[in-house]
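In: just coords:
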């Protein structure tokens, strides 16, 4: 089952600057089988369900390993059985409808 | 790694009434090792990371199997290494601070 | 337009314990016209759109005023035109479908 | 108070294809004072709090007006008092930390 995800990870208890942790997570997500796209409020990820969630778990482990005692993450995820859809397809389908 | 999750599942393409699908997902989540608490906008789940995400995957498979061609899910999740915390602990810690 | 919301507020840069800030926000939400229900991963709020979002804004102002330099909040929100639904109705409709 | 938002709107009860509604919302968000950036799982918006939430309300009104009886929306939002940050700043700060 393929899944498209939007991932936002917030390390807690490490001060106000989080980009170092987000970048480390970004590097964890860049693994074979996953397609990723960083945006201002998170990272879009496309891949097989098990691969995507193994990467998110590895991201938590990495960020805890960097010293963050607590992590709050938000994941929006979509699956569909009617057709295959990529990250680009999702943007294109909206852009095509703009006036 | 233990995780506390808030799960909201939205089947798409099955009309406006979603409670039948949410109830089916609820039953999938009620498995050994997981603690769940239904609320007005989702379900809180507490358990080991792999168990929780296996249950969420099974929930998607079940809801697709009921005929939903598309599912949009939001997961808020928290992990911490500084101490063990339960669903009840999280509510209690806020209530204790109320004036 | 009535709205039902699930609100999770995460103050950033104030250490690992957040319950003091969440409790302060909870008290801001307890205002005439809003119904609230605290749960393990957030607070459900029911009310008129403008009242609910004025309260969420006041919550951010309060938590910044307590010293949090940065806040990350997640809001899940639902509106519907087909019928009026309360926080309790949403739980009841799922419970009624459980086997 | 400036806010940076990630907005995902899911119309319910209008079938499986949602891009027409998302595009209509996108056009509502394109108003003076707001900066927007569409991505695969939502739209990032930057602006003053009241302007941003007025636009999100207008988006719900527009999509209901197109015939959607129910809407589920997820908003991730950030405010900060320590410094001014733009959508581009948020991406740049992560990219600068990548190995």
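Out: All right, it came through fine. Only a predicted model underlies this, so the values are computations on that prediction, with no experimental measurement involved. Numbering: from 1, shown residues only, chains lettered A, B, ... in the order given.

In: For the longest helix along chain A, name the packing helices and strands.
Out: Longest helix in chain A by number of residues (criterion: DSSP state H): helix A:49-65. Packing partners of helix A:49-65 (3 or more Cβ pairs under 8 Å, 6 or more residues apart in numbering or on different chains; DSSP states H and E): strand A:2-12, helix A:19-29, strand A:42-48, strand A:70-80, helix B:49-65. In short, each C-beta sits where N, CA and C put it, glycine included.

In: what lines up beside the first one in the sheet?
Out: Listed by DSSP bridges, the sheet partners of strand A:2-12 and their directions read strand A:42-48 (antiparallel), strand A:70-80 (antiparallel).

In: and stretch A:31-47, what's its mean pLDDT?
Out: Here stretch A:31-47 scores 97 as its mean pLDDT.

In: distance between that stretch and the chain's centre?
Out: Stretch A:31-47 has its C-alpha centroid displaced from the chain centroid by 5 Å (Cα atoms, centre = their mean, to the nearest Å).

In: What's the end-to-end length of that stretch?
Out: From its first residue to its last, stretch A:31-47 covers 10 Å (Cα to Cα, to the nearest Å).

In: buried ones in that stretch?
Out: A:34, A:36-47 (16 or more other Cβ atoms under 10 Å in any protein chain shown).

In: I would like the residues contacting it, please.
Out: A:2-8, A:25-26, A:29-30, A:48, A:51-52, A:55, A:74, A:86-87, D:4-6, D:37, D:39-42, D:44, D:46, D:76, D:78, D:87-88, D:90-91, D:94-95 (Cβ atoms under 8 Å, 6 or more residues apart in numbering or on different chains).

In: which non-adjacent residue is nearest residue A:17?
Out: Excluding the flanking residues, the one nearest residue A:17 by Cβ to Cβ, 6 or more residues apart in numbering or on different chains is residue D:93, at 7.9 Å.

In: nope, residue A:1 is what I meant
Out: Using Cβ to Cβ, 6+ apart and skipping residues adjacent in sequence, the residue nearest residue A:1 is residue A:49, 4.7 Å away.

In: Then residue A:96?
Out: residue D:19 (7.3 Å).

In: And residue A:57, by the same measure?
Out: Nearest to residue A:57 is residue B:49, by Cβ to Cβ, 6+ apart, at 5.7 Å.

In: what about that neighbour, neighbour count?
Out: Look at residue B:49: counted by other Cβ atoms under 10 Å in any protein chain shown, it has 18 neighbours.

In: Now do the same contact list for it.
Out: A:57, A:60, B:1-3, B:79.

In: Redo those as CSV? Include neighbour count and distance to residue C:70.
Out: As requested, the contacts of residue B:49 are exported to CSV (neighbours: other Cβ atoms under 10 Å in any protein chain shown; distance: Cβ to Cβ, whole Å):
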residue, neighbour count, distance to residue C:70
A:57, 17, 26
A:60, 23, 21
B:1, 12, 26
B:2, 16, 26
B:3, 22, 24
B:79, 22, 20
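
In: what about the residue nearest to residue A:96, neighbour count?
Out: Neighbours of residue D:19 using other Cβ under 10 Å come to 18.

In: Find me the pLDDT at it, would you?
Out: pLDDT, residue D:19: 97.

In: now it: how far from residue D:12?
Out: Shown here: residue D:19 relative to residue D:12, a distance of 15 Å by Cβ to Cβ, to the nearest Å.

In: Against chain B, how distant is residue A:89?
Out: 13 Å (Cβ to the nearest Cβ, to the nearest Å).

In: Report whether that residue is found in a strand, as I expect.
Out: No: when classified by DSSP: H, G, I helix; E, B strand; the rest coil, residue A:89 is found to be helix rather than part of a strand.

In: That one: neighbour count?
Out: 14.

In: Would you check how far apart it and residue A:96 are?
Out: Note on residue A:89: its distance to residue A:96, by Cβ to Cβ, is 10 Å.

In: Equivalent analysis for residue A:51, please.
Out: Between residue A:51 and residue A:96 the computed distance is 29 Å (Cβ to Cβ).

In: Show me which of those two is the more surrounded one.
Out: residue A:51 (17 against 10).

In: The more buried one: what's its closest spatial neighbour, skipping adjacent residues?
Out: That would be residue A:33: by Cβ to Cβ, 6+ apart, it lies 4.9 Å from residue A:51.

In: before we move on, what about residue A:50?
Out: Leaving aside its chain neighbours, residue A:50 sits nearest to residue B:57 (7.9 Å; criterion: Cβ to Cβ, 6+ apart).

In: just checking, that neighbour touches residue A:1?
Out: Yes: contact criterion Cβ atoms under 8 Å: residue B:57 and residue A:1 qualify, at 7.3 Å.

In: quick one: low-confidence ranges for chain A?
Out: Chain A contains no residues with pLDDT under 70.

In: quick one: residue A:92 is in a strand?
Out: No: checked against three-state DSSP, residue A:92 lies outside a strand; its state is helix.

In: For it, give its distance to chain D.
Out: 9 Å.

In: what number of residues lie near that residue?
Out: 14.

In: And stretch A:89-98, how far out from the chain middle?
Out: The answer for stretch A:89-98 is 21 Å, by Cα atoms, centre = their mean.
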